[in-house]
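> Sequence and predicted structure below; questions after.
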Amino acid sequence: MKRTLLLNIFSVLLMAGTAIAADSAGVKDALKPYVERLEMPGYVSVLIDGDREEWVADGWRDVAKKAPMAKDSLFRICSQTKGIVGAAAAKLVVEGKISLDDPVSKYLPEFAKLERTVETNGVKVLVPVKNVLTLRDCLSHTGGFPFETKVSSALGWTGAPLRVAAAAGAATPLLFEPGTSWKYSNAGLDVAGAVIEQATGEKIENHLKRVFFDPLGMKDTTFRPTAEQLRRLVAMYYIETNKVCRSMPKYRPLREPYDSPDRWPSCGAGLFSTPQDLLEFYRMLAFGGVSRDGRRIMPAKAITDILAVKQTPPGVKTAYSLGMFVEGEWFGHDGALKTAALLNPKRHAVWLWMMQCEYPRHCHRWHQYKVWRPAVNRFFEQSTGKGSNGETP
């Protein structure tokens, strides 16, 4: 999973300033020609700045079935799962139930003795790891794990129980000493999820449901969708500039069938959700941990002091908190199939973008950067959101 889409979003928001009134139909108008020519199958875009909230759901959820995109269309959100797991960890930290500096071995004994790969005179050898692997390392991609273990590579991201996936991380040689460098890794998030399970005594799917999904009314956010939910699943497509989109039948890392009883939670990339569900989660974070109806979902300090703050060490340039990238006052994450979100608690602002596609590297920025960017800029320039005088990335 590369940072391309999220970095493009940060570039978009770089231009955003104080705002007064806006019509987000600008987003729909800007992208409408691409949808009509089927260069782009369908998408959902949601913009929030303070008390202004603008939705666009346009195009097709499934082109062949002529099923329109909707607020309750079901998406594979892939790596946006990381931010939700990170938020759960931040909540537990502020509640005093875990510490980011806890050794992983406190909860998972197999991590007491780890090895890493070093190369000497062209020969790779294993040496004992000197630094203590912490929960912070796992959640901020500084643990030294590769992107995935051999278990997840062979079985898919959701092909093994979480505890087994975590144990595979302990058996995998690290690439560097924990806390000394940065490497994007699904494996580290699975280890963090297993720690949460041990610390709470709950399966990760039950814990997330209890602390976030049920209180926020996120009824369609799940690791294992039902048959009814799958009827609303968004089809996947390959898209290229100036070409009609092509159907993409499968995405190999996500094990099918999606409702199979042997499909397991992946804390790195396993959740399904809808635009209306995800918006409630990101809006809650942007509004200091309070739900739309005024209920406290998580402590404000878990957001302002942890999630919105760079957790990677001073010597590591990549600014990452717990499962989310950080850029100035903004933080968020994207998913492999082109879903993404950013939020700003000081400004009470959220941007949510949802598609289900892959496209070649040479045209990865065609709609976000060239077409969508000016419309989003106009929204944030004209809106009257709270905290609009704050810094934007």
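Now that the structure is in, tell me what you want to look at.
> Just the strands from the protein, written as ranges.
With strands called from DSSP state E, the chain shows them at 42-49, 52-62, 67-68, 75-76, 115-120, 123-128, 237-238, 246-247, 272-273, 325-327, 330-334, 339-344, 349-354, 357-358.
> Name the residues that touch the last one?
Around strand 357-358, the neighbours that count as contacts under C-beta atoms under 8 Å, 6 or more residues apart in numbering are 41, 236-239, 245, 248, 251, 337-338. In short, each C-beta sits where N, CA and C put it, glycine included.
> State the mean pLDDT of it.
Averaging pLDDT along strand 357-358 yields 90.
> Pull up the pairing partners for that strand, direction included.
strand 237-238 (parallel) (DSSP bridges).
> Contact partners for the residue lying closest to residue 124 once chain neighbours are set aside?
What sits nearest to residue 124 in space, not counting adjacent residues and going by C-beta to C-beta, 6 or more residues apart in numbering, is residue 117, at 5.5 Å. By C-beta under 8 Å, 6+ apart, residue 117 lies in contact with 124-126, 173-175.
> Using pLDDT, spot the least trustworthy of the residues you listed.
Lowest pLDDT within these is found at residue 124 (92).
> returning to that earlier point: so can I have JSON lines of the contacts of strand 357-358 showing distance to residue 74?
As requested, those are exported to JSON lines (distance: C-beta to C-beta, whole Å):
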{"residue": "41", "distance to residue 74": "15"}
{"residue": "236", "distance to residue 74": "12"}
{"residue": "237", "distance to residue 74": "16"}
{"residue": "238", "distance to residue 74": "20"}
{"residue": "239", "distance to residue 74": "20"}
{"residue": "245", "distance to residue 74": "19"}
{"residue": "248", "distance to residue 74": "16"}
{"residue": "251", "distance to residue 74": "14"}
{"residue": "337", "distance to residue 74": "12"}
{"residue": "338", "distance to residue 74": "15"}
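> what does the domain assignment say about this protein?
4-81+219-382, 90-204 (automatic domain parsing).
> Pick out the shakiest of these, pLDDT-wise.
With a mean of 88, domain 4-81+219-382 has the lowest mean pLDDT of the domains of the chain.
> Kindly provide the distance from residue 218 to residue 212.
Counting by C-beta to C-beta, to the nearest Å, the separation of residue 218 from residue 212 is 7 Å.
> ugh, typo on my part, it should be residue 352
As defined by C-beta to C-beta, residue 352 lies at a distance of 16 Å from residue 212.
> Comparing the two, which residue is more hemmed in?
Using other C-beta atoms under 10 Å as the criterion, residue 352 and residue 212 rank with residue 352 on top: 24 against 21.
> residues near the nearest residue to residue 104 once chain neighbours are set aside, how many?
Using C-beta to C-beta, 6+ apart and skipping the chain neighbours, the partner closest in space to residue 104 is residue 111 (4.4 Å). Number of residues near residue 111 (other C-beta under 10 Å) recorded here: 23.
> So which residue is dead centre in this protein?
Nearest residue to the geometric centre of the chain (C-alpha atoms, centre = their mean): residue 80, 1.6 Å.
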